[in-house]
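>>> mind looking at a prediction? Sequence and model below.
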Amino acid sequence: MTRLPHLGLATPVLRYSNWIIAALVTLSATFLNALFLLSAGGLWRDEAAFVHLSLLPSVPEVWQTLGYDHCPILMPLVVRAWSAAGLGNTDLWLRVLGFFAGLFLLLAFWFASWTMRGGAPLLAVTLAGLNLTIIRGGDSLRAYGLGSALVVLTLAVIWRLTCCPSLAAFSWAVVVAVLSVQSLYQNAFFVFAACCGGFVVCAVERRWRDTLPLFAVGAAAAVSLLPYIPLIIRAQDWYVLNKIGFRFSHAWKVFSVATSSPLTGFTWVWVALWIGALAAAIYVFFWRRDRLPNQSLILFAGTSLVLGAAGFAFFLKLADFATQPWYYVPLMAFSAVCLDAIFFAAWRGARPVAMIFAALTISAAFLFEVPVVECRQTNMDLIVARLSSEMAASDYVIVHPWYCGVTFERYYKAAAPWTTLPPLEDYGVHRFDLLKAKMQTKDPIAPVIDRITSTLQSGNRVWLVGEMPHSEEPLPEILPAPNNPWGWSADHYSFYWGIHVTQFLSAHCRRGAVVMPPSTNCVNPYENLPVVVLIGWKP
């Protein structure tokens with residue numbers, strides 16, 4: 001009897017401590033998002049292509065160009081509205097939009113946690129809000145931040161529909177689910193997983209009529225994607241250049257990079273939590289003895305977690321691309337909410353452990369993540385500023401690899417002609433269709449070689465922007481694609497063309513100098529390029 005008053009006093013203190021620490025984690029995550037906003041600088045190629053697509057003169061043109069990117073129409077419409085409402089196409093104004101997408105994801109965690117279990121999202125914001133990949137990927141000018149926030153909200157509103165079916169709950173679930181799949185194609189698998197989670201709960205509780213609204217939500221989301229089928233089919237013609245094969249071993253390495261934040265090895269925290277969540281869900285499903293509180297929530301979140309991860313893996317395998325760390329942002333956001341729901345529902349001692357874990361993670365984030373968050377997304381805007389002040393109108397610029405021409409096109413306003421290897425007719429977006437057509441010709445970089453020759457012979461300079469490959473080995477003659485050992489692999493052809501140009505310059509250029517080496521400051525490694533200038537003709 002003497003312990004009851006003590007417990008009665010401790011419980012509210014513990015509860016409010018949980019909310020306070022979750023708020024501190026959220027403020028820390030907001031600070032890191034703001035730091036990225038102030039440090040990211042110019043748009044790198046994926047962002048530049050996406051913004052160009054979004055701001056085409058008309059919405060029908062945007063729709064027809066969607067096949068060159070990897071997301072549906074919602075985020076391009078948001079970018080158009082944002083640009084029209086404010087400062088137009090400036091880097092900083094667009095970065096503010098990305099910052100708001102990051103904040104929207106943090107708010108979505110709070111809404112989901114409050115809706116699903118009436119608590120603070122301590123584990124969710126700690127796992128996902130302080131993750132470097134989610135900060136940089138979610139705040140970039142792509143659809144990952146908005147799509148991740150919407151899929152988190154979808155999980156919450158479908159849980160609400162499962163527990164308390166009503167016309168209002170159904171309407172909100174349909175709206176949010178449709179918006180979710182209209183932001184990212186892969187969200188369709190998460191919506192399906194959440195609907196299946198609700199179905200399992202209703203089936204276990206023998207509420208068969210309540211499964212009908214869940215089916216309707218999933219059907220509405222699926223039907224909203226039907227107009228994209230012609231676009232997706234047409235895009236397969238040129239995406240063959242990207243389909244280098246999906247391997248789970250490589251995907252695991254990339255996923256480890258995505259989740260190893262703020263500390264190396266943090267991936268195993270995710271793995272341990274996934275295993276524990278799966279064990280709790282299996283226990284509830286097979287040995288339900290009313291020994292765990294909130295068993296329906298555990299069952300819902302566990303089913304959603306398993307099917308969401310499996311569906312996402314199926315999506316990656318279906319796409320057949322080599323993955324990048326930011327591809328996993330929606331999976332991590334969705335998983336974080338499921339893990340948060342399961343552990344706080346299944347384990348009475350989760351709060352103090354989660355608070356200690358959050359405190360340690362905040363400390364690690366500020367010790368190790370701040371220098372990496374303060375990282376530019378590209379140095380191409382700095383390169384263009386330097387070239388514009390030093391180049392003559394009769395000089396010639398070569399940007400390599402070809403896809404970096406998208407960023408160069410955004411920032412370059414000088415008079416000197418420029419090209420990529422091979423020359424393409426459009427650099428607004430990643431025109432894999434134009435590249436494929438060039439790959440099928442016999443010598444697509446012959447015009448570049450001719451222009452290099454005339455530029456150097458006339459006493460002008462050739463500027464090389466990007467990593468140019470070198471090799472002393474004589475180049476074999478290749479056939480038009482795909483009649484070579486590497487088939488349709490665009491990277492192999494790009495590498496061949498780069499060596500062809502460097503060998504030609506080595507034989508015919510009198511001298512060269514590095515104008516700008518890759519930045520030694522923190523710059524996105526996917527676009528931290530050098531600049532070399534070459535002068536003089538040698539017969």
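All right, it came through fine.
>>> counting neighbours, what do you get for Gly459?
Residues lying near Gly459 (other Cβ atoms under 10 Å) number 10. Bear in mind the C-beta positions are built from the backbone N, C-alpha and C, glycine included.
>>> how far away is it from Val96?
46 Å (Cβ to Cβ, to the nearest Å).
>>> swap in Phe111?
22 Å.
>>> and if you look at Val181?
Taken as Cβ to Cβ, the span from Val181 to Val96 is 26 Å.
>>> so which residue is smack in the middle of the protein?
With distances taken as Cα atoms, centre = their mean, the residue of the chain nearest its centroid is Trp326 (3.6 Å).
>>> mind listing what that residue touches?
Taking Cβ atoms under 8 Å, 6 or more residues apart in numbering, we find Trp326 in contact with 133, 136-137, 140, 142, 144, 258.
>>> now intersect those residues with the helices, please.
Using DSSP state H, the members of the contacts of Trp326 that fall within helices are 133, 136-137, 144, 258.
>>> what's the farthest-apart pair in those?
Tyr144 and Ala258 (11.4 Å; Cβ to Cβ).
>>> give the rounded mean pLDDT of the host helix or strand of Ser249.
Ser249 is part of helix 248-259 when elements are defined by DSSP states H and E. Mean per-residue pLDDT for helix 248-259: 92.
>>> tell me which helix or strand comes right after it.
Next along from helix 248-259, by DSSP H and E: helix 267-286.
>>> what angle do helix 248-259 and that next one make with each other?
110 degrees (axes from the mean of the first three to the mean of the last three Cα atoms, to 10 degrees).
>>> and helix 267-286, C-alpha only, in PDB?
Extracted in PDB, the C-alpha atoms of helix 267-286 (Å, rounded to 0.1, in the frame of the first residue of the first chain):
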ATOM      1  CA  THR A 267      21.500   0.300 -38.800                       C
ATOM      2  CA  TRP A 268      21.600  -2.400 -36.200                       C
ATOM      3  CA  VAL A 269      19.300  -0.300 -33.900                       C
ATOM      4  CA  TRP A 270      16.700  -0.300 -36.700                       C
ATOM      5  CA  VAL A 271      17.200  -4.100 -37.300                       C
ATOM      6  CA  ALA A 272      16.800  -4.800 -33.500                       C
ATOM      7  CA  LEU A 273      13.700  -2.700 -33.300                       C
ATOM      8  CA  TRP A 274      12.200  -4.400 -36.400                       C
ATOM      9  CA  ILE A 275      12.900  -7.900 -34.900                       C
ATOM     10  CA  GLY A 276      11.300  -6.900 -31.600                       C
ATOM     11  CA  ALA A 277       8.300  -5.400 -33.300                       C
ATOM     12  CA  LEU A 278       7.800  -8.500 -35.400                       C
ATOM     13  CA  ALA A 279       8.000 -10.700 -32.400                       C
ATOM     14  CA  ALA A 280       5.400  -8.600 -30.600                       C
ATOM     15  CA  ALA A 281       3.100  -8.800 -33.600                       C
ATOM     16  CA  ILE A 282       3.500 -12.500 -33.900                       C
ATOM     17  CA  TYR A 283       2.800 -13.000 -30.200                       C
ATOM     18  CA  VAL A 284      -0.400 -11.000 -30.500                       C
ATOM     19  CA  PHE A 285      -1.600 -12.800 -33.600                       C
ATOM     20  CA  PHE A 286      -1.000 -16.400 -32.500                       C
END
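>>> packing partners of that helix?
Judged by 3 or more Cβ pairs under 8 Å, 6 or more residues apart in numbering; DSSP states H and E, the packing partners of helix 267-286 are helix 248-259, helix 295-319, helix 329-346.
>>> now that helix and helix 329-346, what's the angle there?
Going by the same axes, to 10 degrees, helix 267-286 makes 50 degrees with helix 329-346.
>>> which neighbours do Tyr144 and Ala258 have in common?
Joint contacts of Tyr144 and Ala258 (Cβ under 8 Å, 6+ apart) are 326, 329.
>>> run through the stretch 401-539 of the chain and note the low-pLDDT ranges.
By pLDDT under 70, the stretch 401-539 of the chain contains no weakly predicted segment.
>>> quick one, strands of it?
418-420, 461-465, 509-516, 531-537 (DSSP state E, counting those that start in this stretch).
>>> surely Gly129 touches Leu27?
No - in this structure, Gly129 is not within contact of Leu27 by Cβ atoms under 8 Å, at 9.9 Å.
>>> between those two, tell me which one has more neighbours.
Taking neighbours as other Cβ under 10 Å, Gly129 and Leu27 compare with Gly129 leading, 29 against 14.
>>> what is the burial count for the nearest residue to Phe321 once chain neighbours are set aside?
In space, and not counting its chain neighbours, Phe321 is closest to Asn242: 5.5 Å by Cβ to Cβ, 6 or more residues apart in numbering. Residues lying near Asn242 (other Cβ under 10 Å) number 17.
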